[in-house]
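**Student:** Generate a structure from the sequence data that follows.
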Amino acid sequence: MPSMTVPFTRRQALQFAALGAAGLSLPRAAQAAPDSLLNVSYDPTAALWADYNKVFTSYWQQKTGTAPTLRYSHGGSGAQARAVIEGLQADVVTLALSYDIDAIAKRGLIAANWQSRLPDNSTPYTSTIVFLVREGNPKNIRDWSDLIKPGVQVITPNPKTSGGARWNVLAAWAYALKANGNNPAAAKAYLKSFFANVPVLDTGAHGATLTFTQRGIGDVLVGWESDAYLSIAQAGRGKFQVVLPSVSILAEPPVAVVDANVDRHGTRALATAYLEYLYTPTGQDVIGRNFFRPRDPASLAKYAHQFPQLDLVTVAQFGGWAKAQPEFFADGGIFDQVYAG
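**Tutor:** Reported below is the predicted structural model:
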């Protein structure tokens, strides 16, 4: 039986989640089997998983004699986490930040020690936040300070639903603190001016990328490094270019087996192997050629030409996601304060 790699749309994912939450039978295509797996992921990873699934299928078929059916769903990381909590039958989650997986774990679907079960805190690759501008950089955007100038339209997704957007906000805040003598009031004023230049908040990073690259809205896209370079590769030369800000953030998108679901589906062996294979030289090579930064030093060196050195802060400098999430993104947090204003 040939393997299948089937992307789920966000609408389909929510429909399946609603059926599961209501205790109804899922459609045949959504039902799990020991050789079937659903990977619920965040927005900019569709190309990565389409590529990786082909490679993993070959490995798994050679190892077991069975070709797996691999499906993936992608959308805003926060929204995807909520869908799994509400019943979307993910076997694995590969989300934008650990807070979203922790939210699933708090509902008893994932073991509390999930981050210790794989190397590098269950983060097989990293990324960062960069600017994508139109070829020639007509607004002369060089750094975060240029994003609050009058007449500059900034495209970034909604941090209430998008994990990438939350990385964007923390990177912007880190710059604003550094530029203003570590003054939180000045950093908040910067964010207020930043979001005043945002004409539309898409729910996920991929939607924001399409708004910028296909709908032609905005002067600069603030987003994932992987999405920026993929957009250039897909559009060809002469349409877009990357601008590297003076300060950015080390983004660490983690992965986890959804314990309650794999035990129900009988897919633990497949799901575990699916994530472990990401750390092999083959998996790391797939990561690198899809513009994510491999963890393996040899693989990272192979793709070093596409990953420039940047001054990167870490989420630990914000007290970790346990502190940053409520402070910045909970109801009434810093984002609500600057955006409502």
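**Student:** give me every residue that touches residue 282.
**Tutor:** Remark: with contacts taken as Cβ atoms under 8 Å, 6 or more residues apart in numbering, residue 282 is in contact with 55, 59. Every C-beta, even on glycine, is put in place using the N, C-alpha and C of the backbone.
**Student:** where does it land in three-state SS?
**Tutor:** At residue 282 the chain is in helix, as set by DSSP: H, G, I helix; E, B strand; the rest coil.
**Student:** Bridged to residue 224, which residues?
**Tutor:** residue 129 (DSSP bridges).
**Student:** Counting neighbours, what do you get for it?
**Tutor:** Residue 224 is flanked by 32 other residues according to other Cβ atoms under 10 Å.
**Student:** show me the contacts for it.
**Tutor:** 44, 127, 128, 129, 130, 164, 167, 205, 251.
**Student:** With pLDDT added, can I get those in CSV?
**Tutor:** As requested, the contacts of residue 224 are exported to CSV (pLDDT from 0 to 100):
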residue, pLDDT
44, 91
127, 97
128, 97
129, 98
130, 98
164, 95
167, 98
205, 93
251, 97
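**Student:** Nearest to residue 285 among those residues?
**Tutor:** residue 127 (16.4 Å; Cβ to Cβ).
**Student:** State the distance from the closest one to residue 214.
**Tutor:** Distance from residue 127 to residue 214, counting by Cβ to Cβ, to the nearest Å: 22 Å.
**Student:** which residues touch stretch 291-299?
**Tutor:** With Cβ under 8 Å, 6+ apart as the test, stretch 291-299 has contacts from 48, 119-120, 123-128, 225-227, 229-230, 233, 279, 281, 284-285, 287-288, 300, 303, 306-307.
**Student:** Starting from whichever strand or helix holds residue 39, tell me the next helix or strand along the chain.
**Tutor:** Using DSSP states H and E, residue 39 falls within strand 36-42. Next helix or strand after strand 36-42 toward the C-terminus (DSSP H and E): helix 46-64.
**Student:** Buried residues, stretch 225-235. List them.
**Tutor:** 225, 226, 227, 228, 229, 230, 231, 232 (16 or more other Cβ atoms under 10 Å).
**Student:** out of these, which are inside helices?
**Tutor:** 225, 226, 227, 228, 229, 230, 231, 232 (DSSP state H).
**Student:** Done for today, thanks.
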